[in-house]
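[1] no sequence on this one, just coordinates:
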């Protein structure tokens, strides 16, 4: 498995902001108390399909799943695949648990906390697909090192994806878009950009669902961009 030293950029900065917002409703708190322990990623050991689901199904990983709409939609669309989602924001996890319950989705495992902590425990070349959708852009230049699209996290993501598998990124922030294209170009020997024409990054890929964030973004006049990369 890929390991990083304590001084690696991955470990120097927390890559997300606040972890809670408004007070949970009673039903949401009950989901946190009862359902989350049942489907949480184990606190230690390798994170594999067999460990999580008892078989060797294709494994997907979503970094920062927000309220979980995309994660739940993909899990419902591909019931024979396994989905791992990591999200530090308590309210988002509570909402995602509602999707899992209502599915019901038996092929989802969640981690409330730092995605990189879990990703490090995934064996190399194990992931079928990895999603990074509308990450915190940290738009100020002095916060650029906190962005998930950076050399350290990308080395880890590359290591965990199977050769030929896909890394999907979505953002509606122009600073983050420019940054992502620039950083990913530095890693062109590891990730092949799959866009051949403008529609390939202006329109969502197959299996996409419009999330509440995406709806709000369009309503406020921001254009989402969808970047697809193949792990070489």
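    Sure, I can see it. Quantities reported herein were computed from a predicted structural model and do not represent experimental measurements.
[2] tell me which residues in stretch 212-220 are buried?
    For stretch 212-220, burial by neighbour count (16 or more other CB atoms under 10 Å) applies to 213, 214, 217. All C-beta spots, glycine's among them, are computed from the backbone N, C-alpha and C.
[3] what would these look like in TSV with distance to residue 197 and secondary structure?
    Written out in TSV, the entries for these read as follows (distance: CB to CB, whole Å; DSSP: H, G, I helix; E, B strand; the rest coil):
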residue	distance to residue 197	secondary structure
213	26	helix
214	22	helix
217	23	helix
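[4] Closest one to residue 76 out of those residues, please.
    residue 214 (17.6 Å; CB to CB).
[5] Which pLDDT does the model give the closest one?
    Residue 214 is assigned a predicted lDDT (pLDDT) of 75.
[6] Would you check how far apart it and residue 143 are?
    As defined by CB to CB, to the nearest Å, residue 214 lies at a distance of 24 Å from residue 143.
[7] swap in residue 113?
    Counting by CB to CB, the gap between residue 113 and residue 143 amounts to 20 Å.
[8] more crowded one of those two?
    residue 113 (17 against 13; other CB atoms under 10 Å).
[9] Could you list the low-confidence segments of this protein?
    1-21 (pLDDT under 70).
[10] if I've got this straight, residue 76 is in a strand?
    No: inclusion of residue 76 in a strand is not indicated when DSSP: H, G, I helix; E, B strand; the rest coil is applied; the result is helix.
[11] now it, nearest residue through space, not along the chain?
    Among residues not flanking residue 76 along the chain, residue 103 sits closest, at 5.9 Å (CB to CB, 6 or more residues apart in numbering).
[12] Counting neighbours, what do you get for residue 167?
    Using other CB under 10 Å, residue 167 is surrounded by 25 other residues.
[13] In the helix or strand harbouring it, which residues are buried?
    Residue 167 is located in strand 161-171, with elements delineated by DSSP states H and E. Neighbour counts using 16+ other CB under 10 Å place 161, 165, 166, 167, 168, 169, 170, 171 of strand 161-171 among the buried residues.
[14] Pull the most distant pair out of the residues you listed.
    Of all pairs drawn from the buried residues of strand 161-171, the one with the largest separation by CB to CB is 165 and 171; the distance is 20.5 Å.
[15] For residue 87, see how far away the residue of the chain most remote from its centre is.
    The outermost residue of the chain, judged by C-alpha distance from the chain's mean C-alpha position using CA atoms, centre = their mean, is residue 26 at 27.2 Å. Between residue 26 and residue 87 the distance, using CB to CB, works out to 21 Å.
[16] Same question for residue 230.
    Applying CB to CB, one obtains 25 Å for the distance of residue 230 from residue 87.
[17] Skip the chain neighbours and tell me the closest residue to the residue nearest to the spatial centre of the chain.
    For the chain, the residue sitting closest to the mean C-alpha position, by CA atoms, centre = their mean, is residue 63 at 2.0 Å. If the residues on either side of it in the chain are set aside, residue 63 comes closest to residue 115, at 4.2 Å by CB to CB, 6+ apart.
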